[in-house]
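K.L.:
Requesting a structural model of the entry that follows:
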Amino acid sequence: MRYLEVAEKAAREAGEILIEHLGKVRDIDYKGKNNLVTEVDKLSEDLIVSRIKETFHTHDIFAEESGRHSNGSDHLWLIDPLDGTTNYAHAYPFFAVSIALEIKGQLKAGLVYDPVKDEMFTAELGKGALLNGGPIHVTKTERLDESHLVTGFVHENPKIVEDNLKNFANFIRSARAVRRDGSAALDLCYLACGRFDGFWELGLNPWDTAAGVLIVEEAGGVVTRFNGEPYSIYVKEILASAPGIHRDMMGVLALD
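P.N.:
Numbering: from 1, shown residues only. Down below sits the predicted model:
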């Protein structure tokens, strides 16, 4: 089936909506502290859901704004129509559309589209990861003190914020540099193509990471929980990195 073809077309159309409204956001609602949703999130999601349903009538959909659309299918689309909403609301040009397909619980295809740079990151299970059609790979770095890392903060849970502030401080002391850019989907893709060496975060949702995780793994990266156990998009902690620094990052995350 032409899963990625349909998803790419939908993502590009949604990207046009995002660019058209960039800097013109009027209505901002709050789902939680610092958890914004705009009318553009909803426009983008409606477009993507509509396009997927046109082709894959019976598939289930799990989208950030509208929740689960269930038909009892073993095909599940995970959709983040605007990852980086806070950035978008402030016209800060770091945001993306993220779409992934899970079949019988396994991620099979995913994409993340940055409409500002017109960068389309894609992956299919077992077929490698691509940026605008060309292959990408994680870095070969083996030294944490030479690494460029990235993270994010989810504000709804004060304990998560405090825990990650400790992690952030420990990595500031251990790595070359640590960034916080505000889009987990793009952070993962930047790791996949070598712009970052490692990424960790707490409190994310399935639609935040589904596409990016597959892209990282297909680019040769490692994705686990903080303690090295297998990662699931349905758990609330993620550690993704180039293979050469994964164990060292686990060691930093284990610090009190």
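K.L.:
Got phi/psi on the residue most central in space within the chain?
P.N.:
With distances taken as CA atoms, centre = their mean, the residue of the chain nearest its centroid is residue 185 (2.1 Å). Note on residue 185: backbone dihedrals following degrees, to the nearest 10 are phi -60, psi -50.
K.L.:
how many other residues sit next to residue 68?
P.N.:
Neighbour count of residue 68, defined by other CB atoms under 10 Å: 9. Where C-beta positions appear, they are placed from N, C-alpha and C, glycine not excepted.
K.L.:
my guess is it contacts residue 77, does it?
P.N.:
No - between residue 68 and residue 77 there is no contact under CB atoms under 8 Å: 10.6 Å.
K.L.:
intersection of neighbour lists for these two?
P.N.:
Residues touching both residue 68 and residue 77 (CB atoms under 8 Å, 6 or more residues apart in numbering): 60-62.
K.L.:
returning to that earlier point: for the residue nearest to the centre of the chain, give me the pLDDT.
P.N.:
Listed pLDDT for residue 185 reads 98.
K.L.:
Please apply the same query to residue 161.
P.N.:
For residue 161, pLDDT reads 85.
K.L.:
for residue 169, same thing?
P.N.:
96.
K.L.:
And for residue 39?
P.N.:
For residue 39, the predicted pLDDT is 84.
K.L.:
Next, count neighbours for it.
P.N.:
Other residues close to residue 39 by other CB under 10 Å number 13.
K.L.:
for it, phi and psi?
P.N.:
phi -60, psi -20.
K.L.:
who's in contact with the closest residue to residue 19 other than its chain neighbours?
P.N.:
In this structure, residue 19 finds its nearest non-sequential neighbour in residue 115, 5.2 Å apart by CB to CB, 6 or more residues apart in numbering. Counting by CB under 8 Å, 6+ apart, residue 115 touches 12, 15-16, 18-19, 96-97.
K.L.:
which of the residues you listed tops the neighbour count?
P.N.:
residue 96 (33 neighbours).
K.L.:
correct me, but it touches residue 112?
P.N.:
Yes - with contact defined as CB under 8 Å, residue 96 counts as touching residue 112 (5.1 Å).
K.L.:
Overlap in contacts, these two.
P.N.:
83, 185-186, 189.
K.L.:
Return a PyMOL selection command for the buried portion of those.
P.N.:
With 16 or more other CB atoms under 10 Å as the criterion, this PyMOL line picks the buried residues out of the shared contacts of residue 96 and residue 112:
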select buried, resi 83+185+186+189
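K.L.:
Mind checking which of the shared contacts of residue 96 and residue 112 are in helices?
P.N.:
Using DSSP state H, the members of those that fall in helices are 185-186, 189.
K.L.:
Got phi/psi on residue 94?
P.N.:
phi -140, psi 90.
K.L.:
now the residue nearest to it when sequence neighbours are not counted: how far from residue 76?
P.N.:
In space, and not counting its chain neighbours, residue 94 is closest to residue 87: 5.0 Å by CB to CB, 6+ apart. Here the criterion is CB to CB, to the nearest Å. By it, residue 87 lies 27 Å from residue 76.
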